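Enquirer: have a look; sequence and predicted model below, questions after that.
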Amino acid sequence: MSYTSCLPAWSVGPDCYQDVFATARRFGKTAAVIGGKTALSKAYEPLKAALAGSEFALSQPIWYGGNSTYEHAGALEQLPEVQQADMIFAVGGGRAIDTCKAVAQHLDKPLLTFPTIASNCAACTAIGVFYNANDTFCDYFYPTRCPEHTFINTRIIAEAPESLLWAGIGDALSKECEVELASRGKDLFHTTLLGTMLAHTCTEPLLNYGTTAMQQCREGTPGTELEQVALAIVISTGLVSNLTTDPTKYYYNSSLAHCVYYGATMLPASGGKHLHGEIVSFGVLTLLTWDSQLEQRERILRFNRSIKLPVTLAEIGMTEADLQTVADKAATVLEWTKAPRP
(Lines give C-alpha, C1' and ligand atoms only; values in the text may rest on other atoms or scores of the structure.)
Protein backbone atom coordinates (compact mmCIF):
# COMPACT_ATOMS: atom_id res chain seq x y z
CA MET A 1 0.00 0.00 0.00
CA SER A 2 1.35 3.42 -0.95
CA TYR A 3 1.19 6.45 1.28
CA THR A 4 2.56 10.00 1.50
CA SER A 5 4.01 11.77 4.52
CA CYS A 6 4.84 15.46 4.52
CA LEU A 7 7.34 17.16 6.81
CA PRO A 8 7.54 20.87 7.53
CA ALA A 9 10.16 23.29 6.28
CA TRP A 10 10.99 26.29 8.42
CA SER A 11 13.01 29.44 8.82
CA VAL A 12 13.78 30.82 12.27
CA GLY A 13 15.34 33.94 13.70
CA PRO A 14 14.69 37.64 14.21
CA ASP A 15 15.20 38.40 10.50
CA CYS A 16 13.71 35.27 8.94
CA TYR A 17 11.11 37.23 6.95
CA GLN A 18 13.97 38.13 4.62
CA ASP A 19 13.65 34.56 3.33
CA VAL A 20 9.93 34.80 2.50
CA PHE A 21 10.28 35.88 -1.12
CA ALA A 22 12.72 33.09 -2.02
CA THR A 23 10.16 30.55 -0.82
CA ALA A 24 6.87 32.20 -1.77
CA ARG A 25 7.82 33.08 -5.35
CA ARG A 26 7.68 29.38 -6.25
CA PHE A 27 3.92 29.46 -5.67
CA GLY A 28 2.99 32.69 -7.42
CA LYS A 29 3.05 36.45 -6.97
CA THR A 30 0.15 37.24 -4.61
CA ALA A 31 -0.87 36.21 -1.11
CA ALA A 32 -3.99 36.70 0.97
CA VAL A 33 -2.73 37.62 4.45
CA ILE A 34 -5.15 36.22 7.04
CA GLY A 35 -4.76 36.20 10.80
CA GLY A 36 -5.61 37.56 14.20
CA LYS A 37 -5.92 41.29 14.73
CA THR A 38 -2.97 41.62 17.11
CA ALA A 39 -0.86 39.22 15.06
CA LEU A 40 -1.48 41.16 11.87
CA SER A 41 -0.58 44.41 13.62
CA LYS A 42 2.79 42.87 14.55
CA ALA A 43 3.68 40.93 11.43
CA TYR A 44 2.09 42.65 8.44
CA GLU A 45 4.43 45.63 8.19
CA PRO A 46 7.62 43.55 8.68
CA LEU A 47 6.35 41.20 5.97
CA LYS A 48 5.59 44.09 3.69
CA ALA A 49 9.04 45.57 4.30
CA ALA A 50 10.74 42.24 3.62
CA LEU A 51 8.97 41.97 0.26
CA ALA A 52 9.53 45.59 -0.77
CA GLY A 53 11.19 45.90 -4.15
CA SER A 54 9.95 42.50 -5.33
CA GLU A 55 7.05 41.79 -7.64
CA PHE A 56 5.24 40.02 -4.85
CA ALA A 57 1.96 41.58 -3.65
CA LEU A 58 0.15 41.13 -0.35
CA SER A 59 -3.55 41.66 0.24
CA GLN A 60 -4.62 44.06 2.91
CA PRO A 61 -4.75 42.34 6.33
CA ILE A 62 -7.79 40.05 6.68
CA TRP A 63 -9.14 39.12 10.11
CA TYR A 64 -9.81 35.39 10.39
CA GLY A 65 -12.93 35.77 12.53
CA GLY A 66 -11.74 35.17 16.08
CA ASN A 67 -12.07 31.39 16.37
CA SER A 68 -11.32 28.31 14.28
CA THR A 69 -14.83 27.46 13.16
CA TYR A 70 -16.02 26.13 9.82
CA GLU A 71 -18.33 29.13 9.57
CA HIS A 72 -15.38 31.54 9.71
CA ALA A 73 -13.44 29.46 7.20
CA GLY A 74 -16.42 29.43 4.84
CA ALA A 75 -16.81 33.20 5.06
CA LEU A 76 -13.14 33.71 4.21
CA GLU A 77 -13.44 31.41 1.23
CA GLN A 78 -16.06 33.73 -0.26
CA LEU A 79 -13.85 36.84 -0.19
CA PRO A 80 -12.64 37.88 -3.67
CA GLU A 81 -9.18 38.82 -2.37
CA VAL A 82 -8.82 35.31 -0.95
CA GLN A 83 -10.18 33.56 -4.03
CA GLN A 84 -7.92 35.52 -6.37
CA ALA A 85 -4.68 35.15 -4.38
CA ASP A 86 -2.08 32.61 -5.45
CA MET A 87 -1.48 31.48 -1.87
CA ILE A 88 -2.52 31.99 1.74
CA PHE A 89 -0.29 33.57 4.39
CA ALA A 90 -1.62 32.47 7.81
CA VAL A 91 -0.51 34.84 10.57
CA GLY A 92 -0.97 34.45 14.32
CA GLY A 93 -1.75 31.71 16.80
CA GLY A 94 -3.14 28.22 16.46
CA ARG A 95 -6.78 29.07 15.82
CA ALA A 96 -5.99 31.59 13.09
CA ILE A 97 -3.60 29.20 11.40
CA ASP A 98 -5.97 26.24 11.67
CA THR A 99 -8.75 28.30 10.09
CA CYS A 100 -6.44 29.07 7.19
CA LYS A 101 -5.70 25.36 6.75
CA ALA A 102 -9.35 24.77 5.91
CA VAL A 103 -9.43 27.80 3.59
CA ALA A 104 -6.29 26.70 1.75
CA GLN A 105 -7.50 23.12 1.46
CA HIS A 106 -10.96 24.04 0.18
CA LEU A 107 -9.59 26.56 -2.34
CA ASP A 108 -6.61 24.36 -3.27
CA LYS A 109 -4.02 27.03 -2.52
CA PRO A 110 -0.51 26.76 -1.00
CA LEU A 111 -0.32 27.72 2.67
CA LEU A 112 2.63 29.48 4.33
CA THR A 113 2.46 30.16 8.05
CA PHE A 114 3.78 32.95 10.26
CA PRO A 115 3.32 32.13 13.94
CA THR A 116 3.52 35.27 16.07
CA ILE A 117 3.42 33.36 19.34
CA ALA A 118 5.08 30.11 20.41
CA SER A 119 2.05 28.51 21.99
CA ASN A 120 1.46 25.36 19.90
CA CYS A 121 2.59 23.42 16.83
CA ALA A 122 -0.29 24.40 14.53
CA ALA A 123 2.03 26.35 12.22
CA CYS A 124 3.58 23.22 10.73
CA THR A 125 1.07 20.40 11.18
CA ALA A 126 -1.35 18.64 8.86
CA ILE A 127 -4.14 18.80 11.44
CA GLY A 128 -6.46 21.58 12.59
CA VAL A 129 -8.53 21.85 15.75
CA PHE A 130 -12.00 23.25 15.13
CA TYR A 131 -14.53 24.56 17.62
CA ASN A 132 -18.25 25.16 17.71
CA ALA A 133 -19.64 28.69 17.89
CA ASN A 134 -19.94 28.36 21.69
CA ASP A 135 -16.20 27.54 21.90
CA THR A 136 -16.68 23.87 22.75
CA PHE A 137 -14.56 21.38 20.81
CA CYS A 138 -16.01 20.37 17.44
CA ASP A 139 -13.59 18.07 15.62
CA TYR A 140 -10.25 17.69 13.87
CA PHE A 141 -9.67 18.85 10.31
CA TYR A 142 -7.09 17.00 8.22
CA PRO A 143 -5.61 18.83 5.23
CA THR A 144 -3.82 16.68 2.69
CA ARG A 145 -0.43 18.12 3.63
CA CYS A 146 1.26 20.38 6.14
CA PRO A 147 1.99 24.06 5.33
CA GLU A 148 4.63 24.61 2.67
CA HIS A 149 6.88 26.66 4.96
CA THR A 150 6.80 28.12 8.47
CA PHE A 151 8.53 31.39 9.34
CA ILE A 152 9.29 31.67 13.07
CA ASN A 153 10.20 35.30 13.71
CA THR A 154 11.74 35.18 17.16
CA ARG A 155 11.71 38.96 17.47
CA ILE A 156 7.92 39.02 17.16
CA ILE A 157 7.59 36.02 19.48
CA ALA A 158 9.82 37.74 22.05
CA GLU A 159 7.52 40.76 21.99
CA ALA A 160 4.37 38.67 22.51
CA PRO A 161 2.83 38.27 25.97
CA GLU A 162 4.86 35.99 28.21
CA SER A 163 1.67 34.14 29.14
CA LEU A 164 1.39 32.72 25.62
CA LEU A 165 4.90 31.27 25.66
CA TRP A 166 4.12 29.96 29.15
CA ALA A 167 1.04 28.17 27.86
CA GLY A 168 3.00 26.91 24.85
CA ILE A 169 5.49 25.27 27.16
CA GLY A 170 2.61 23.66 29.04
CA ASP A 171 1.10 22.29 25.83
CA ALA A 172 4.42 20.98 24.48
CA LEU A 173 5.12 19.15 27.74
CA SER A 174 2.35 16.75 26.73
CA LYS A 175 3.87 15.54 23.49
CA GLU A 176 6.37 12.99 24.74
CA CYS A 177 4.18 11.37 27.40
CA GLU A 178 1.03 11.33 25.27
CA VAL A 179 2.70 9.84 22.19
CA GLU A 180 4.51 7.27 24.29
CA LEU A 181 1.25 6.24 25.96
CA ALA A 182 -0.86 6.21 22.79
CA SER A 183 1.67 4.15 20.81
CA ARG A 184 2.55 1.70 23.58
CA GLY A 185 2.19 -1.90 22.48
CA LYS A 186 1.39 -0.95 18.88
CA ASP A 187 3.00 -2.48 15.82
CA LEU A 188 4.88 0.61 14.65
CA PHE A 189 6.22 0.90 11.11
CA HIS A 190 8.82 3.34 9.76
CA THR A 191 6.83 6.59 9.90
CA THR A 192 5.12 6.05 13.24
CA LEU A 193 8.33 4.68 14.76
CA LEU A 194 10.17 7.80 13.60
CA GLY A 195 7.47 10.00 15.13
CA THR A 196 7.50 8.23 18.47
CA MET A 197 11.30 8.45 18.66
CA LEU A 198 11.22 12.19 17.87
CA ALA A 199 8.66 12.64 20.64
CA HIS A 200 11.44 11.90 23.11
CA THR A 201 13.21 15.11 22.02
CA CYS A 202 10.32 17.38 23.03
CA THR A 203 10.53 17.57 26.82
CA GLU A 204 14.17 18.26 27.67
CA PRO A 205 14.53 21.62 25.85
CA LEU A 206 11.47 22.88 27.70
CA LEU A 207 12.84 21.88 31.09
CA ASN A 208 16.37 23.07 30.31
CA TYR A 209 15.62 26.39 28.63
CA GLY A 210 12.04 27.21 29.62
CA THR A 211 12.75 29.49 32.56
CA THR A 212 15.35 31.55 30.70
CA ALA A 213 13.18 31.68 27.58
CA MET A 214 10.33 33.15 29.60
CA GLN A 215 12.69 35.75 31.04
CA GLN A 216 13.80 36.69 27.52
CA CYS A 217 10.17 36.98 26.45
CA ARG A 218 9.51 39.19 29.48
CA GLU A 219 12.37 41.44 28.35
CA GLY A 220 11.50 41.29 24.64
CA THR A 221 14.87 39.70 23.81
CA PRO A 222 15.03 37.05 21.03
CA GLY A 223 17.80 35.04 22.67
CA THR A 224 19.13 31.53 22.04
CA GLU A 225 17.03 29.94 24.79
CA LEU A 226 13.84 31.49 23.48
CA GLU A 227 14.67 30.20 20.01
CA GLN A 228 15.29 26.68 21.35
CA VAL A 229 11.98 26.66 23.21
CA ALA A 230 10.09 28.09 20.23
CA LEU A 231 11.55 25.38 17.99
CA ALA A 232 10.58 22.70 20.52
CA ILE A 233 7.01 24.02 20.73
CA VAL A 234 6.41 24.73 17.05
CA ILE A 235 8.68 22.38 15.09
CA SER A 236 9.59 19.38 17.25
CA THR A 237 6.04 18.73 18.38
CA GLY A 238 4.79 19.50 14.87
CA LEU A 239 7.09 16.93 13.31
CA VAL A 240 5.80 14.36 15.78
CA SER A 241 2.19 15.26 15.01
CA ASN A 242 2.69 14.82 11.28
CA LEU A 243 4.41 11.46 11.70
CA THR A 244 2.02 9.95 14.23
CA THR A 245 -1.31 10.96 12.71
CA ASP A 246 -3.31 9.47 9.86
CA PRO A 247 -7.01 10.37 9.74
CA THR A 248 -8.08 6.87 8.65
CA LYS A 249 -5.42 4.48 9.99
CA TYR A 250 -3.79 5.54 13.28
CA TYR A 251 -3.62 8.34 15.82
CA TYR A 252 -0.80 8.38 18.36
CA ASN A 253 -0.46 12.15 18.55
CA SER A 254 -2.17 12.81 21.89
CA SER A 255 -3.96 11.05 24.68
CA LEU A 256 -5.23 11.67 28.20
CA ALA A 257 -3.64 15.07 28.86
CA HIS A 258 -5.74 16.58 26.08
CA CYS A 259 -8.82 14.78 27.37
CA VAL A 260 -8.54 16.99 30.44
CA TYR A 261 -8.48 20.08 28.23
CA TYR A 262 -11.46 19.10 26.09
CA GLY A 263 -13.41 18.24 29.20
CA ALA A 264 -12.54 21.62 30.66
CA THR A 265 -14.08 23.40 27.65
CA MET A 266 -17.45 22.43 29.16
CA LEU A 267 -16.74 24.59 32.22
CA PRO A 268 -16.89 28.39 31.77
CA ALA A 269 -14.53 28.89 34.72
CA SER A 270 -11.93 26.64 33.11
CA GLY A 271 -12.20 26.42 29.33
CA GLY A 272 -13.32 30.01 29.05
CA LYS A 273 -10.73 31.59 31.35
CA HIS A 274 -7.61 29.45 31.14
CA LEU A 275 -5.29 28.95 28.18
CA HIS A 276 -5.17 25.68 26.27
CA GLY A 277 -1.60 24.81 27.25
CA GLU A 278 -2.21 25.84 30.83
CA ILE A 279 -4.89 23.18 31.21
CA VAL A 280 -2.99 20.61 29.16
CA SER A 281 0.00 20.97 31.51
CA PHE A 282 -2.27 19.88 34.36
CA GLY A 283 -3.46 17.06 32.12
CA VAL A 284 0.15 15.91 31.84
CA LEU A 285 0.25 15.43 35.61
CA THR A 286 -3.04 13.55 35.38
CA LEU A 287 -1.71 11.23 32.68
CA LEU A 288 1.54 10.52 34.50
CA THR A 289 -0.37 9.76 37.71
CA TRP A 290 -2.80 7.40 35.94
CA ASP A 291 0.15 5.69 34.23
CA SER A 292 2.12 5.35 37.50
CA GLN A 293 5.04 7.40 36.13
CA LEU A 294 5.40 9.04 39.51
CA GLU A 295 9.06 10.00 39.29
CA GLN A 296 8.51 11.83 36.01
CA ARG A 297 5.31 13.34 37.40
CA GLU A 298 7.22 14.82 40.33
CA ARG A 299 9.86 16.20 37.98
CA ILE A 300 7.24 17.89 35.78
CA LEU A 301 5.32 19.04 38.85
CA ARG A 302 8.43 20.76 40.23
CA PHE A 303 8.99 22.45 36.88
CA ASN A 304 5.34 23.52 36.71
CA ARG A 305 5.62 25.06 40.13
CA SER A 306 8.84 26.86 39.18
CA ILE A 307 7.12 28.74 36.32
CA LYS A 308 3.66 28.78 37.92
CA LEU A 309 1.95 26.30 35.60
CA PRO A 310 -1.00 24.69 37.44
CA VAL A 311 -0.60 21.75 39.78
CA THR A 312 -4.05 21.81 41.44
CA LEU A 313 -7.65 21.76 40.28
CA ALA A 314 -8.25 25.18 41.81
CA GLU A 315 -5.53 26.69 39.65
CA ILE A 316 -7.50 25.79 36.51
CA GLY A 317 -10.85 26.86 37.92
CA MET A 318 -12.15 23.39 38.83
CA THR A 319 -13.52 21.69 41.89
CA GLU A 320 -14.09 18.00 42.49
CA ALA A 321 -17.76 18.59 41.72
CA ASP A 322 -16.77 19.43 38.11
CA LEU A 323 -14.93 16.20 37.43
CA GLN A 324 -17.91 14.20 36.21
CA THR A 325 -18.70 16.89 33.64
CA VAL A 326 -15.06 16.86 32.52
CA ALA A 327 -15.01 13.06 32.31
CA ASP A 328 -18.30 12.89 30.39
CA LYS A 329 -16.93 15.20 27.69
CA ALA A 330 -13.48 13.61 27.71
CA ALA A 331 -14.99 10.20 27.02
CA THR A 332 -16.45 11.48 23.73
CA VAL A 333 -13.16 12.59 22.14
CA LEU A 334 -10.68 10.56 20.14
CA GLU A 335 -7.90 10.84 22.71
CA TRP A 336 -9.92 8.95 25.31
CA THR A 337 -9.44 5.76 23.29
CA LYS A 338 -5.68 6.24 22.96
CA ALA A 339 -4.54 4.48 26.08
CA PRO A 340 -3.11 0.97 26.47
CA ARG A 341 -5.95 -0.14 28.74
CA PRO A 342 -9.53 0.95 29.43
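Expert: Yep, it's here. Numbers count the residues shown, from 1 in each chain.

Enquirer: helices of the stretch 101-250 of the chain, start to end?
Expert: Per DSSP state H, counting those that start in this stretch, the stretch 101-250 of the chain carries helices over the ranges 154-159, 162-183, 190-199, 203-219, 224-231, 237-243.

Enquirer: how about those helices in JSON lines, adding distance to Asp291 and mean neighbour count?
Expert: All C-beta spots, glycine's among them, are computed from the backbone N, C-alpha and C. Converted to JSON lines, these look like this (distance: least, C-beta to C-beta, whole Å; neighbours: other C-beta atoms under 10 Å):
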{"stretch": "helix 154-159", "distance to Asp291": "32", "mean neighbour count": "22"}
{"stretch": "helix 162-183", "distance to Asp291": "6", "mean neighbour count": "25"}
{"stretch": "helix 190-199", "distance to Asp291": "15", "mean neighbour count": "18"}
{"stretch": "helix 203-219", "distance to Asp291": "15", "mean neighbour count": "19"}
{"stretch": "helix 224-231", "distance to Asp291": "25", "mean neighbour count": "21"}
{"stretch": "helix 237-243", "distance to Asp291": "18", "mean neighbour count": "26"}
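
Enquirer: adding mean pLDDT and distance to Thr113, write the ones you listed out as TSV.
Expert: TSV is the format used below for those (pLDDT from 0 to 100; distance: least, C-beta to C-beta, whole Å):
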stretch	mean pLDDT	distance to Thr113
helix 154-159	97	13
helix 162-183	97	15
helix 190-199	96	20
helix 203-219	97	20
helix 224-231	98	13
helix 237-243	95	10
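
Enquirer: which outside residues touch whichever strand or helix holds Ser11?
Expert: Assigning secondary structure by DSSP states H and E places Ser11 in strand 10-13. The contact list for strand 10-13 (C-beta atoms under 8 Å, 6 or more residues apart in numbering) reads 19, 23, 124, 149-154, 222, 227, 230-231, 234-235.

Enquirer: in TSV, list the helices of the stretch 101-250 of the chain along with distance to Leu107.
Expert: Output for the helices of the stretch 101-250 of the chain, formatted as TSV (distance: least, C-beta to C-beta, whole Å):
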stretch	distance to Leu107
helix 154-159	27
helix 162-183	29
helix 190-199	28
helix 203-219	35
helix 224-231	29
helix 237-243	22
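
Enquirer: before we move on, back to that, farthest pair in the contacts of strand 10-13?
Expert: Thr23 and Pro222 (20.8 Å; C-beta to C-beta).

Enquirer: more crowded one of the two?
Expert: Shown here are Thr23 and Pro222; by other C-beta atoms under 10 Å, Pro222 has more neighbours (21 against 15).

Enquirer: now that one, what are its backbone angles?
Expert: Per-residue torsions, Pro222: phi -80, psi 70 (degrees, to the nearest 10).

Enquirer: that one contacts Thr154, doesn't it?
Expert: Yes - Pro222 is in contact with Thr154 according to C-beta atoms under 8 Å; the separation is 3.8 Å.

Enquirer: quick one: common contacting residues for those two?
Expert: Common neighbours of Pro222 and Thr154 (C-beta under 8 Å, 6+ apart) are Gly13, Pro14.

Enquirer: which stretches of the protein form strands?
Expert: 10-13, 30-35, 57-58, 62-63, 87-92, 111-115, 128-131, 137-141, 149-153, 245-246, 250-251 (DSSP state E).

Enquirer: just say which of these is most tucked in.
Expert: Highest mean neighbour count among these (mean count of other C-beta atoms under 10 Å): strand 111-115, with a mean of 28.

Enquirer: give the other helices and strands that it contacts.
Expert: helix 20-24, helix 37-51, strand 87-92, helix 94-107, strand 149-153 (3 or more C-beta pairs under 8 Å, 6 or more residues apart in numbering; DSSP states H and E).

Enquirer: could I get these as TSV with mean pLDDT and distance to Arg341?
Expert: Compiled in TSV, the helices and strands packed on strand 111-115 are given as follows (pLDDT from 0 to 100; distance: least, C-beta to C-beta, whole Å):
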stretch	mean pLDDT	distance to Arg341
helix 20-24	98	45
helix 37-51	98	42
strand 87-92	98	39
helix 94-107	98	31
strand 149-153	98	37
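
Enquirer: same list, the ones you listed, but as CSV with distance to Leu239 please.
Expert: Shown next, in CSV, are the helices and strands packed on strand 111-115 (distance: least, C-beta to C-beta, whole Å):
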stretch, distance to Leu239
helix 20-24, 19
helix 37-51, 23
strand 87-92, 18
helix 94-107, 16
strand 149-153, 11
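
Enquirer: looking at those, which is nearest to Arg218?
Expert: That would be helix 37-51 among the helices and strands packed on strand 111-115, by C-beta to C-beta, at 17.0 Å.

Enquirer: list of residues touching the closest one?
Expert: Taking C-beta under 8 Å, 6+ apart as the rule, helix 37-51 contacts 17-18, 20-21, 33, 35, 58, 61, 63, 89, 91-93, 96, 114, 116-117, 153, 156, 159-160.

Enquirer: now do the residue sitting furthest away from the middle of the chain against Gln18, distance only.
Expert: Among the C-alpha atoms of the chain, the one most distant from their mean position (C-alpha atoms, centre = their mean) is that of Gly53, at 32.9 Å. According to C-beta to C-beta, to the nearest Å, Gly53 stands 12 Å off from Gln18.
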